[in-house]
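1. structure for the following, please:
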Amino acid sequence: MENFIAYNPTILHFGRDVLKDLGSVVASYGKRVLFVYGKGSIKETGLYETVISQLEKEKLRIYEYSGIRPNPVIEDVDSASALGKLKDIDCIVAVGGGSVIDSAKAISIGTPAFHSAWDFFTGKAKPKEAIPVIAVLTLAATGTEMNKFAVIQNNRSKNKIGYGHDLMYPKHSFLDPQYTVSVPQNYTSFGITDLIAHALENYFGKGEASLPDRFVYSIVHEAINYGPELLTDLSNVELRGKIMYAATMALNGLTMHGRTYGDWGVHGIGHVLSVLYDVPHGASLSIAYPAWIRLMSDRIPERITELGKEIFGADSPEDTAKKLEAFFSKTESPVRLSQVGIDNSKHQLIRDTLSKNKVSGMNHQLSEADYDKLLELMSV
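-> Take a look at the predicted model:
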């Protein structure tokens, strides 16, 4: 095993009705709260009123910033940071899925700064302080509720970049699976894809780490065993809870220990599809992952075959790719570019943007020629 330091300061509140403690937790960080959320679905589910009542019970001053987009953009982060400065906020309450919580993390380091938060993502600056974030999760997918990473998009430069810093861990995250019941079938499916991708990309880090491998297998088995069942019974809170917890465990550090950082080339491919064509994040991953496995089949065949054997009973890299692709298709997550409206005429732009963004792996590098092969594999 490689040397590692295990660190995760996020306090996780999991289960039915855990939001009863939200107000007192938030109040322990101050009186002036920036309440960040998306385009209003939390008002339809009643979650908005639940959060507001919790905050008002503690007599907190509430400032709202709404409208965070599914692929979050730097303009919202900087606008919310400006509001945070103006109102001298003490903490941020982020209610939503990965996009809202990622935005809140970026806002947390952007608010104390005197420049755009984008400077952190591009490496021009490093955060020195952060506003505490308390997250209330409504979508099982990204695992952002228990890690230090955020992904933000810049539509002007056509970049979508991930960044992480220890200051960006949420202080507390509240996960009540009852509040994921309203997530529609397609985004439930995309969330299942996302959690599988996180587990796999850590699996393709370097180093021998048998116990984290078993964690990966178990997390992916949870998704494969319970995901299709959930998609036929979307109101099942027990199944929602299983997928929600699996998504959190897939990217909270558990599967990273003992090897060098995982290989995130597939996420880089997905980010390009999102920034160019607004493809939902999970949908981009179900298109890219089987193609990536096929590309890597003669470079790391033993590693891929071991994964396929443990997860699907597969006996080769190609069999692994086929069975992973079949699972994504079973959950109605796309596996070809054409399924999200991207035809061959778009290949050159995608290739150019992959090159511009220097999309590659942390451990398994991608060349310019690999971009062409991947586009072919994602299209056939």
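2. show me which helix runs longest in the chain.
-> helix 210-231 (DSSP state H).
3. other SSEs contacting that one?
-> Packing partners of helix 210-231 (3 or more C-beta pairs under 8 Å, 6 or more residues apart in numbering; DSSP states H and E): helix 185-203, helix 237-250, helix 301-312. From N, CA and C alone the C-beta is placed, and that goes for glycine too.
4. relative to helix 301-312, how tilted is that helix?
-> Using axes from the mean of the first three to the mean of the last three C-alpha atoms, to 10 degrees, the inter-axis angle of helix 210-231 relative to helix 301-312 is 40 degrees.
5. residues making contact with helix 210-231?
-> 185, 188-189, 192, 195-196, 199-200, 202-203, 236, 239-240, 242-243, 245-246, 249-250, 254-259, 307, 310-311, 327, 330-332 (C-beta atoms under 8 Å, 6 or more residues apart in numbering).
6. and it, how far out from the chain middle?
-> Offset of helix 210-231 from its chain centre (C-alpha atoms, centre = their mean, to the nearest Å): 17 Å.
7. pLDDT of it, averaged?
-> Helix 210-231 comes out with an average pLDDT of 97.
8. what does stretch 139-158 give?
-> For stretch 139-158, mean pLDDT is 96.
9. identify whichever of the helices and strands packed on helix 210-231 lies nearest to residue 354.
-> Ranking the helices and strands packed on helix 210-231 by proximity to residue 354 (C-beta to C-beta) places helix 185-203 first, at 17.1 Å.
10. check the offset of the closest one from the chain's centre.
-> Taking mean C-alpha positions (C-alpha atoms, centre = their mean), helix 185-203 and its chain are 9 Å apart.
11. what residues sit buried inside that helix?
-> 186-203 (16 or more other C-beta atoms under 10 Å).
12. go on, stretch 34-53?
-> By neighbour count on 16+ other C-beta under 10 Å, the buried set for stretch 34-53 is 34-38, 41-42, 45, 47-48, 50-52.
13. and the furthest pair within those?
-> The widest separation within these (C-beta to C-beta) is 21.0 Å, between 34 and 45.
14. still on that earlier bit, next step: the buried residues of stretch 34-53 restricted to strands.
-> 34, 35, 36, 37 (DSSP state E).
15. and these as JSON lines, adding distance to residue 105 and pLDDT?
-> Output for these, formatted as JSON lines (distance: C-beta to C-beta, whole Å; pLDDT from 0 to 100):
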{"residue": "34", "distance to residue 105": "13", "pLDDT": "98"}
{"residue": "35", "distance to residue 105": "15", "pLDDT": "98"}
{"residue": "36", "distance to residue 105": "10", "pLDDT": "98"}
{"residue": "37", "distance to residue 105": "15", "pLDDT": "98"}
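16. which of the residues you listed sits closest to residue 7?
-> residue 36 (25.2 Å).
17. and the closest one, what are its bridge partners?
-> Note on residue 36: beta-bridge partners by DSSP bridges are residue 65, residue 94.
18. residues in contact with it?
-> Counting by C-beta under 8 Å, 6+ apart, residue 36 makes contact with 64-66, 68, 80, 92-96, 100, 103-104, 107.
19. now, of the residues you listed, which are buried?
-> 65-66, 68, 80, 92-96, 100, 103-104, 107.
20. redo those residues as a markdown table? Include distance to residue 133 and pLDDT.
-> Output for the buried ones among the contacts of residue 36, formatted as a markdown table (distance: C-beta to C-beta, whole Å; pLDDT from 0 to 100):
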| residue | distance to residue 133 | pLDDT |
| --- | --- | --- |
| 65 | 13 | 98 |
| 66 | 17 | 97 |
| 68 | 13 | 97 |
| 80 | 12 | 98 |
| 92 | 5 | 98 |
| 93 | 8 | 98 |
| 94 | 6 | 98 |
| 95 | 11 | 98 |
| 96 | 12 | 98 |
| 100 | 11 | 98 |
| 103 | 10 | 98 |
| 104 | 5 | 98 |
| 107 | 8 | 98 |
